[in-house]
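Visitor: pasting the sequence and the predicted model now:
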Number of protein chains: 2
Amino acid sequence: MLWTPIASTGPRPLVLIGHGGGQHKKEWGVLSRAIPYVASCGFAVAAIDAPGTGDRPEHAEIQRLVAILQEREAAGEPAGPAWPALCETVASQLVPDWQTTLDALQKLDSVGDNQPVGYYGLSQGGEMGIRLVAAEPRITAAVLGLIGSEWLTDDAARITIPVEFVLQWDDEGSPRDSVMKLFDALGSTEKTLHANPGSHYRVPSFEIDSSVRFFARHLGTAGSS
Amino acid sequence: MLWTPIASTGPRPLVLIGHGGGQHKKEWGVLSRAIPYVASCGFAVAAIDAPGTGDRPEHAEIQRLVAILQEREAAGEPAGPAWPALCETVASQLVPDWQTTLDALQKLDSVGDNQPVGYYGLSQGGEMGIRLVAAEPRITAAVLGLIGSEWLTDDAARITIPVEFVLQWDDEGSPRDSVMKLFDALGSTEKTLHANPGSHYRVPSFEIDSSVRFFARHLGTAGSS
């Protein structure tokens, strides 16, 4: 998916949005960010499906790992090694997919190859984002969060771009201490942690406005339309 | 000090700004907030000196306590009981002074008595702000922070208005764990923690912009001039 302003042409800053786990490129979490980024800032916004989601074919290994995780959750057991294995399996395809997507986007007149690029992703979109941002020098600002995977510490330390990091105070899936450890590990000089009460899924809508201003500050604006 | 827009009249939302420790009502930390609140939001903004500072007379007990604290700091010792005693001494005058000031301000045509009121204060301005906001129902939104005094927990729990709470990640005077405990104690349904790297005095300037939007969201705007 690529969103651009209706009434303007030419190159413009680009924001890549990574969707949440079990979601897809047209989910509300993506759209609710894409619309203000395009309308308020004049950015181009792109989203792709993770392997095995949305319009992509079923993925046997991902299905197997998700089934294990669902069984363990139903039994009240901790996720165990299937969780890092799932993250690794998704990332091994999704990170190169994002880089290929960015190559293709930068050939379009509506994006261009010398414009700033941002990344937005929480939860699975944050897990994948930390890996992508650590690997991809074209991305110059990122909103990340709702993730505290200990295996991401080294990737986080390699990130040096400005980061807005989102934490939910009562997030059982990503406990606040683990999210703060990852925030602490980020190598960025400018990094800002936004913590709000509530569970994983209750990020307040004013954080969308905050991300608009974060990207406007770091990517510039291309005018609205 | 009362700042209002030059070219407009009539009642408008009001923000009270509490200055930092050892500072006064015209310090840069106050002015740098007052100017955008007036210019961007059309608010009235007021600041008063804490007892013993700025244009107020010297205060023997405060001078005695500050001298003890300076001696202990020079000797590399922890602040000890002089610190809560200083906070208590300042607050016992400053909180009623703020309430009297608010009474007077609400009689002015340029403020009015039925407009929303906000409070902004970090560090000593946060210490005093938590006490004031807990005691003063006319204040309906507050930016607070850079403070983690354990004796403020009960006051924090009585606060139920929206709060933006500021934390500096490497603040030796107000360690992050103590600031987070106070954030956790706040009784507000809407409370948001903004944490940034650096020492007590290095709050990034984008947090001023964030406070503008926080107050605009909760107090409304009176148009700019």
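Guide: It's in. The structure displayed is predicted, hence computed values, not measured ones.
Visitor: how about the longest helix along chain A: buried residues?
Guide: Looking across chain A with DSSP state H, the single longest helix is helix A:82-105. Judged by neighbour count (16 or more other Cβ atoms under 10 Å in any protein chain shown), helix A:82-105 contains these buried residues: A:82-83, A:85-87, A:89-91, A:94-95, A:97-98, A:101-102, A:105. Using the backbone N, CA and C atoms, a C-beta is placed for each residue, glycine as well.
Visitor: counting contacts, what elements does it pack onto?
Guide: In terms of contacts (3 or more Cβ pairs under 8 Å, 6 or more residues apart in numbering or on different chains; DSSP states H and E), helix A:82-105 is packed against strand A:14-18, strand A:44-47, helix A:60-74, helix A:124-135.
Visitor: let's see it at 6 Å
Guide: helix A:60-74, helix A:124-135 (3 or more Cβ pairs under 6 Å, 6 or more residues apart in numbering or on different chains; DSSP states H and E).
Visitor: now that helix against helix A:124-135, angle please.
Guide: Computed by axes from the mean of the first three to the mean of the last three Cα atoms, to 10 degrees, the angle separating helix A:82-105 from helix A:124-135 equals 60 degrees.
Visitor: contacting residues around the helix or strand just after helix A:82-105?
Guide: Using DSSP states H and E, the helix or strand that follows helix A:82-105 in sequence is strand A:117-122. If you take Cβ atoms under 6 Å, 6 or more residues apart in numbering or on different chains as the criterion, strand A:117-122 is touched by A:14-18, A:33, A:129, A:133, A:138-139, A:141-143, A:145-146, A:166, A:215, A:219.
Visitor: now strand A:117-122: average pLDDT?
Guide: What strand A:117-122 shows for mean pLDDT is 98.
Visitor: now that strand - C-alpha only, PDB.
Guide: What follows is strand A:117-122, C-alpha atoms only, in PDB (Å, rounded to 0.1, in the frame of the first residue of the first chain):
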ATOM      1  CA  VAL A 117      12.600   8.300   5.300                       C
ATOM      2  CA  GLY A 118      10.900   7.400   8.600                       C
ATOM      3  CA  TYR A 119       9.600   4.200  10.200                       C
ATOM      4  CA  TYR A 120       6.600   3.700  12.500                       C
ATOM      5  CA  GLY A 121       5.900   0.400  14.200                       C
ATOM      6  CA  LEU A 122       4.700  -0.800  17.600                       C
END
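Visitor: starting at the chain centroid, how far to it?
Guide: 5 Å (Cα atoms, centre = their mean, to the nearest Å).
Visitor: can you list the strands that that strand pairs with?
Guide: strand A:14-18 (parallel), strand A:139-145 (parallel) (DSSP bridges).
Visitor: columns mean pLDDT and distance to B:Ile62 on top of those, output as TSV?
Guide: Formatted as TSV, the strands paired with strand A:117-122 follow (pLDDT from 0 to 100; distance: least, Cβ to Cβ, whole Å):
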stretch	mean pLDDT	distance to B:Ile62
strand A:14-18	98	51
strand A:139-145	98	43
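Visitor: among those strands, which comes closest to B:Leu182?
Guide: strand A:139-145 (22.2 Å; Cβ to Cβ).
Visitor: can you list contacts of the helix or strand just after that closest one?
Guide: Downstream of strand A:139-145, the next assigned helix or strand under DSSP H and E is helix A:153-158. Helix A:153-158 is contacted by residues A:Ile130, A:Arg131, A:Ala134, A:Leu182, A:Ala185, A:Leu186, A:Gly187 when judged by Cβ under 6 Å, 6+ apart.
Visitor: need the max-distance pair from those.
Guide: In the contacts of helix A:153-158, two members sit farther apart than any others by Cβ to Cβ. They are A:Arg131 and A:Gly187, at 14.4 Å.
Visitor: specify which residue of the two has the higher count of neighbours.
Guide: A:Arg131 (24 against 14; other Cβ atoms under 10 Å in any protein chain shown).
Visitor: so what's the spatially closest residue to A:Gly20 that is not a sequence neighbour up against?
Guide: Excluding the flanking residues, the one nearest A:Gly20 by Cβ to Cβ, 6 or more residues apart in numbering or on different chains is A:Ser123, at 4.5 Å. Each residue near A:Ser123 by Cβ under 6 Å, 6+ apart is listed here: A:Gly20, A:Gly21, A:Leu146.
Visitor: tally of neighbours for the closest residue to A:Ala141 other than its chain neighbours?
Guide: Spatially, and ignoring its direct neighbours in sequence, A:Ala141 is nearest to A:His218 (3.6 Å; Cβ to Cβ, 6+ apart). Around A:His218 sit 18 other residues, with neighbours defined as other Cβ under 10 Å.
Visitor: which SS class is A:His218?
Guide: Secondary structure for A:His218, judged by DSSP: H, G, I helix; E, B strand; the rest coil, is helix.
Visitor: what's the pLDDT at it?
Guide: pLDDT, A:His218: 97.
Visitor: go ahead and confirm it touches A:Ile161.
Guide: No: contact criterion Cβ atoms under 6 Å: A:His218 and A:Ile161 do not qualify, at 8.1 Å.
Visitor: so what sits against both of these two?
Guide: Joint contacts of A:His218 and A:Ile161 (Cβ under 6 Å, 6+ apart) are A:Ala141.
Visitor: quick check: which ranges of chain A have low pLDDT?
Guide: The model of chain A has pLDDT under 70 over residues A:223-225.
Visitor: buried residues in the helix or strand containing A:Ser210?
Guide: Using DSSP H and E, the element containing A:Ser210 is helix A:206-219. Under the neighbour-count criterion of 16+ other Cβ under 10 Å, helix A:206-219 has A:Phe206, A:Glu207, A:Ile208, A:Ser210, A:Ser211, A:Val212, A:Arg213, A:Phe214, A:Phe215, A:Ala216, A:His218, A:Leu219 buried.
Visitor: so which elements touch it?
Guide: Using 3+ Cβ pairs under 6 Å, 6+ apart: helix A:206-219 touches helix A:28-41.
Visitor: show me the contact partners of the helix it packs on.
Guide: With contact meaning Cβ under 6 Å, 6+ apart, helix A:28-41 is reached by A:3, A:5, A:15, A:17, A:19-20, A:43, A:45, A:47, A:120, A:212, A:216, A:221.
Visitor: pick out the most distant pair among the residues you listed.
Guide: Farthest pair in the contacts of helix A:28-41, by Cβ to Cβ: A:Gly20 and A:Thr221, 26.7 Å.
Visitor: those two: who's more crowded?
Guide: It is A:Gly20, of A:Gly20 and A:Thr221, that has more neighbours when counted by other Cβ under 10 Å, with 21 against 15.
Visitor: isn't the more buried one right up against A:Gln124?
Guide: Yes: A:Gly20 is within contact range of A:Gln124, at 5.3 Å (criterion: Cβ under 6 Å).
Visitor: for A:Gly2, which residues make a bridge with it?
Guide: Actually, residue A:2 is Leu rather than Gly. Assigned bridge partners for A:Leu2, using DSSP bridges, are A:Ala46.
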